[in-house]
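Novice: what's the 3D shape of this:
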Amino acid sequence: MKSQFGTIIVEVILFIVAAIAAYIFVSTAYTNLNDISNAATANSKSLESQLQTYITIDSCAYNSSTDLLYIYSTNRGNNVLNQNLTLLFINGVLINNTIITIANSNTGTAAWGPYDTILIESNITLNSNFYNIKLVTDTGASAENIIYVNTTSNICTIE
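Specialist: You can find the predicted model right below:
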C-alpha cells in the first residue's frame, strides 16, 4: 500500500511538472506567433503604402558657377509624403547636403501631397557627364533616372 501511495505521489508530481512545461511551451509559442503576426501586419502596411506611392523626376538644372544642382520631382501617388525624409542618391552615393522645398502645391499644405512638386537643391561639384539620380521617399518608394550635366553650357537634361 505504501509503495502504491508513493507511486501515486510521483505520478501526480510528474503530471504537475508536465502541465507546467506544457503551459510554458504554449505561452511562449503564442507570444512568438503574436510577434510574427504583428511584424507581418506592419510589413503589409509598409508595402501597401509603398505601392500607393509613385514619384517622378521631372526636370533638373545645374549651375556650374555656384555648383548647385536642382531636381524637380512630383508626387503622383495617393499618399501624402514627408519631403524632408526624401533621400537623393547620385551614382549610388547618398547626398546629405540637400535643401528640399515645395515648388508647386496643389494641396496648399506644407506636406508633399498628391501632384505637388518638390525642389531638391544640392551644393555639389559635377563634371560634364552622365549621372544616375535616385530619389527615395519616406515610404521606401523610389524614382530613378539618368541625367546629363553639361557644365560648359549649364545644361542638365533627363535622358
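Novice: State the next helix or strand along the chain beyond the host helix or strand of residue 22.
Specialist: Using DSSP states H and E, residue 22 sits within helix 2-51. Using DSSP H and E, the helix or strand that follows helix 2-51 towards the C-terminus is strand 55-63.
Novice: can you list the residues that contact that following strand?
Specialist: Contacts with strand 55-63, where a contact means C-beta atoms under 8 Å, 6 or more residues apart in numbering, come from 68-77, 81, 117, 126, 133, 135, 137, 141-145, 147, 149, 151, 154-158. C-beta coordinates here come from the backbone N, C-alpha and C atoms, glycine included.
Novice: What subset of the residues you listed is buried?
Specialist: Among the contacts of strand 55-63, those classed as buried by neighbour count (16 or more other C-beta atoms under 10 Å) are 69, 71-75, 77, 81, 117, 126, 133, 135, 137, 141-143, 145, 147, 149, 151, 156.
Novice: Pull the number of nearby residues for the closest residue to residue 117 other than its chain neighbours.
Specialist: Of all residues not flanking residue 117 in the chain, residue 104 sits nearest, at 4.2 Å (C-beta to C-beta, 6 or more residues apart in numbering). For residue 104, the count of nearby residues is 11 (other C-beta atoms under 10 Å).
Novice: Let me know the distance separating residue 104 from residue 30.
Specialist: 52 Å (C-beta to C-beta, to the nearest Å).
Novice: Can you pull the poorly scored residue ranges out of the chain?
Specialist: 1-3, 5-6, 42-51, 107 (pLDDT under 70).
Novice: Nearest residue to the middle of the chain?
Specialist: residue 140 (2.9 Å; C-alpha atoms, centre = their mean).
Novice: and that one, backbone torsions?
Specialist: phi 100, psi -10 (degrees, to the nearest 10).
Novice: Could you list the domains of the protein?
Specialist: Annotated domains of the chain cover 1-51, 55-158 [automatic domain parsing].
Novice: Roughly how far does the residue lying closest to residue 85 once chain neighbours are set aside sit from residue 115?
Specialist: Leaving out its chain neighbours, the residue that sits closest to residue 85 by C-beta to C-beta, 6+ apart is residue 138, at 3.8 Å. Computed as C-beta to C-beta, the residue 138 to residue 115 distance reads 18 Å.
Novice: for the closest residue to residue 91 other than its chain neighbours, what are its contacts?
Specialist: Leaving aside its sequence neighbours, residue 91 sits nearest to residue 132 (C-beta to C-beta, 6+ apart; 5.2 Å). With C-beta under 8 Å, 6+ apart as the criterion, the residues that contact residue 132 are 89-92, 144-146.
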